[in-house]
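1. this one's structure only:
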């Protein structure tokens, strides 16, 4: 059932005891909506924050305090911008909600690193645990070496007291690091029965994961080359579940309602790229998957026109296909793609604002591949893994400056403020 469709890129949702839904958009807005009567419900703006702009920058986390019905405190995680809307640091801020107005802003964590030239992998998944502590996925910022070092914050699960101080029982003294060896993720959830913590993890070219997070544990990211497929699980904790292809697991939750008793107590994971919800039933000790099923969610089609340069042929695409369509000038060994050697892509403004690209996988030798995770097998007749393997075997690795320059160019194209459709010809 569609409850609301006039939204940006929603990164977090929380329900309060008074039947209000709090939800956050990456663009910096937080809204509330009373869900007792969805047919008459309208969203109300609670807060607008000035946040950094970019593919993986912005407002990235929202959590209501465990005692929200008394304190009315809520917590926000976002990237702080400079005058050019580039990230200069990341912070966690507490607000107090009164009569649907946000006030009493208090910065509780202000030292999470960010720099304008590096705008990726800041994680999210801000959530409170049953112990009353505040947990956050802080992505590796594309710094795999930092993820290997528990003395550094990037590539970690962080744990704080509600006032931003460091708990005395954290596994690393005087450090908020709770677990490390993390690449990037968007969801944390505690099993209400066992109290165990689970995280959704996004791989690079393969091996998205569901992880059981244990204090002080190492989850292995950064030991091997980022594009190793399959990524070896020979260091630290092994995942509870691993997807062989990139599906981009996002947020997750344990279902506790009585409306669907057949899944009560089970884990639900939103899968971004496939427009599905994965229903997972864990084993008794919570360390393995006993049953897994995929629940299809209807895809919302968008008007994007892809025209062959030679034939002018059009086709309609879903949002998941959109940025994969910027795919190919040439795939070595796959010369005759469905788009030929050149094509034009016209993108409406609402699509440019709502689609979140994950960046190209490789760049060089006249070949561009943008987001193998965005429908590559539908567009190219290849699986994500086959695409990645083909490219790895056919071209050298790129240099970092070229990679970042291309990413920044794509960001400008996606996030510009024009109201007219943009045509991109490759």
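-> It's in. Treat the numbers as computed from the prediction; the structure is a model and nothing was measured.
2. So which residues of the stretch 151-300 of the chain form strands?
-> Using DSSP state E, counting those that start in this stretch, the strands found in the stretch 151-300 of the chain span residues 156-160, 177-180, 187-190, 197-201, 208-213, 241-243, 249-254, 267-271, 276-282, 289-296.
3. Dump those strands into TSV; add distance to residue 41 and mean neighbour count as well.
-> (Each C-beta comes from the backbone N, C-alpha and C, glycine too.) Formatted as TSV, the strands of the stretch 151-300 of the chain follow (distance: least, Cβ to Cβ, whole Å; neighbours: other Cβ atoms under 10 Å):
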stretch	distance to residue 41	mean neighbour count
strand 156-160	33	25
strand 177-180	37	26
strand 187-190	25	22
strand 197-201	28	25
strand 208-213	32	24
strand 241-243	34	20
strand 249-254	21	21
strand 267-271	21	21
strand 276-282	22	19
strand 289-296	24	12
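4. Including mean pLDDT, could those strands go into CSV?
-> Compiled in CSV, the strands of the stretch 151-300 of the chain are given as follows (pLDDT from 0 to 100):
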stretch, mean pLDDT
strand 156-160, 98
strand 177-180, 98
strand 187-190, 96
strand 197-201, 97
strand 208-213, 96
strand 241-243, 93
strand 249-254, 92
strand 267-271, 92
strand 276-282, 93
strand 289-296, 90
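5. neighbours around the closest residue to residue 184 other than its chain neighbours, how many?
-> Nearest non-adjacent residue to residue 184, counting by Cβ to Cβ, 6 or more residues apart in numbering: residue 139, 3.7 Å away. When neighbours are counted by other Cβ atoms under 10 Å, residue 139 registers 27.
6. Repeat that for residue 6.
-> By other Cβ under 10 Å, the residues close to residue 6 number 7.
7. now swap in residue 192 and tell me
-> Neighbours of residue 192 under the rule other Cβ under 10 Å: 12.
8. Would you quantify the distance from residue 292 to residue 60?
-> Residue 292 is 27 Å from residue 60, where distance means Cβ to Cβ, to the nearest Å.
9. tell me the contacts of the residue nearest to residue 18 when sequence neighbours are not counted?
-> Computed as Cβ to Cβ, 6+ apart, the closest residue to residue 18 that is not its neighbour in sequence is residue 69, at 7.2 Å. By Cβ atoms under 8 Å, 6 or more residues apart in numbering, the contact set of residue 69 is 16-18.
10. By neighbours, which of those residues wins?
-> Highest neighbour count within the contacts of residue 69: residue 16, with 16 neighbours (other Cβ under 10 Å).
11. pretty sure that residue is in contact with residue 68, am I right?
-> Yes. Shown here, residue 16 and residue 68 form a contact pair, counting by Cβ atoms under 8 Å, at 5.8 Å.
12. continuing past the helix or strand hosting the residue nearest to residue 18, what's the next helix or strand?
-> Assessed by DSSP states H and E, residue 69 sits inside helix 68-71. Using DSSP H and E, the helix or strand that follows helix 68-71 in sequence is strand 73-81.
13. helices and strands around that next one, which ones?
-> Counting contacts by 3 or more Cβ pairs under 8 Å, 6 or more residues apart in numbering; DSSP states H and E, strand 73-81 packs against strand 59-64, strand 87-98, strand 124-128.
14. Can you pull out the residues in contact with the last one?
-> When you say that, I think you mean strand 124-128. If you take Cβ under 8 Å, 6+ apart as the criterion, strand 124-128 is touched by 11-12, 60-66, 75-77, 92, 134-137, 162, 185-190, 199-200, 251.
15. roughly how far apart are residue 61 and residue 230?
-> 30 Å.
16. Which residue of those two possesses the greater neighbour count?
-> Between residue 61 and residue 230, counting by other Cβ under 10 Å, residue 61 is the more crowded of the two (25 against 12).
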